[in-house]
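Undergrad: here is my input; please provide its structure:
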Amino acid sequence: MQINRITTAALLTAALGLGPVTGAAAAPVEKPAKSVSLRPAEGGGGWQGDGLSLNAEDNRKVDDFLDHAQRAERSISPMVRAAARISDATVVGFDHRLKSPDSLKRKVATSLKETPGETADQALARINDSVRYTLQWPDGRYVHGVALASSVLAAWGNDSVKWSNTWGRKQGYKAVNSAWRDPLEGHVFEVQFHTPQSKWAQEATHKLYEEQRLPSTTPERAKELQAQQDAIFAAVPVPAGAAELTAPERLARTLPAAG
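TA: Residues are numbered from 1 along each chain as shown. Next up is the predicted model:
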């Protein structure tokens, strides 16, 4: 389902009253989420946790990436909140929009451990959820809401770099996970599009998923964990038309910047 340019332009024009942000109209800007304290590895400047570690140089690269994510969040959040308001979505978990330092470092360290020869720069280049959001609609408004919200984001110059629609799968996770590159900082951020039931299933399977992806998890245990997740997601209703949702084309930016 696609939203036409005239409709999107009209909605974006209306959104100009939501509050100024450089380069886009937006809702009021919240303060960036606070990062958690880090656990430096002994030896000076590195990091360790959960049996994983980063040396001092790689740890600094992740810290620089986190700093960039915090700067970018200040302009990304107003756009996402405005898109949610226009499409009548509920923003879920907004206070957790910034991935914690420990979580990101654990993700990079896991990637380096699983992929010999990979650099921290290469691992960071694949990170798309250092800034992340969840928009949610009831089943009956889901398809229209996703199409409208994604079209609004595209119209503001955010480039769609990933669109993973898993509603058509017979097993496993169900939702639309999208990633976008913002036009001001060039930072990639994630927007997940959920129904209340699919969001509940995601939260119910989170610990199972976290255990499954640990390097120490055996193949046998990973298979058991996947079967448990599949059983939970199998109970999630699929909104009519959800499996056909596709990423929007980038719209020509004909609207004046706010501010």
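Undergrad: neighbours of residue 103, how many?
TA: Residues near residue 103, counting by other CB atoms under 10 Å, number 15. The way it works is simple: take the backbone N, C-alpha and C, and place the C-beta from them, glycine included.
Undergrad: how near is it to residue 73?
TA: As judged by CB to CB, to the nearest Å, residue 103 and residue 73 stand 15 Å apart.
Undergrad: go on, residue 199?
TA: For residue 199, the distance to residue 73 - CB to CB - is 21 Å.
Undergrad: more neighbours: which of the two?
TA: More crowded of residue 199 and residue 73, by other CB under 10 Å: residue 73, with 25 against 20.
Undergrad: tell me the mean pLDDT for the strand or helix carrying that one?
TA: Applying DSSP states H and E as the criterion places residue 73 in helix 56-86. For helix 56-86, mean pLDDT rounds to 98.
Undergrad: beyond that helix, next helix or strand please.
TA: Note on helix 56-86: by DSSP H and E, the next helix or strand toward the C-terminus is strand 90-92.
Undergrad: starting at the chain centroid, how far to that next one?
TA: Taking the mean of its C-alpha atoms, strand 90-92 sits 13 Å from the chain's own mean (CA atoms, centre = their mean, to the nearest Å).
Undergrad: buried set for that strand?
TA: 91-92 (16 or more other CB atoms under 10 Å).
Undergrad: list the helices and strands the helix or strand just after that strand packs on?
TA: The element immediately downstream of strand 90-92 (helix or strand, assigned by DSSP H and E) is helix 101-114. Counting contacts by 3 or more CB pairs under 8 Å, 6 or more residues apart in numbering; DSSP states H and E, helix 101-114 is packed against strand 46-49, strand 52-54, helix 56-86, helix 120-125.
Undergrad: who wins for proximity to residue 174 among these?
TA: Closest to residue 174 of the helices and strands packed on helix 101-114, according to CB to CB: helix 56-86, at 20.3 Å.
Undergrad: buried ones in that closest one?
TA: If you call a residue buried by 16+ other CB under 10 Å, then helix 56-86 has these buried ones: 58-59, 61-63, 65-66, 68-70, 72-86.
Undergrad: for residue 78, give its distance to residue 184.
TA: Distance, residue 78 to residue 184, using CB to CB: 11 Å.
Undergrad: residues in contact with the residue nearest to residue 93 when sequence neighbours are not counted?
TA: In space, and not counting its chain neighbours, residue 93 is closest to residue 134: 5.5 Å by CB to CB, 6 or more residues apart in numbering. By CB atoms under 8 Å, 6 or more residues apart in numbering, the residues touching residue 134 are 91-93, 191-194, 199.
Undergrad: possible to save those as a markdown table with pLDDT and distance to residue 52?
TA: A markdown table is the format used below for these (pLDDT from 0 to 100; distance: CB to CB, whole Å):
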| residue | pLDDT | distance to residue 52 |
| --- | --- | --- |
| 91 | 98 | 31 |
| 92 | 98 | 29 |
| 93 | 97 | 25 |
| 191 | 99 | 28 |
| 192 | 99 | 25 |
| 193 | 99 | 31 |
| 194 | 99 | 29 |
| 199 | 98 | 28 |
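Undergrad: wouldn't residue 216 be in contact with residue 51 here?
TA: Yes - Residue 216 lies in contact with residue 51 (CB atoms under 8 Å); the separation is 6.8 Å.
Undergrad: which of the two has more neighbours?
TA: A side-by-side neighbour count of residue 216 and residue 51, using other CB under 10 Å, places residue 51 first with 12 against 9.
Undergrad: can you report phi and psi for the more buried one?
TA: Per-residue torsions, residue 51: phi 80, psi 10 (degrees, to the nearest 10).
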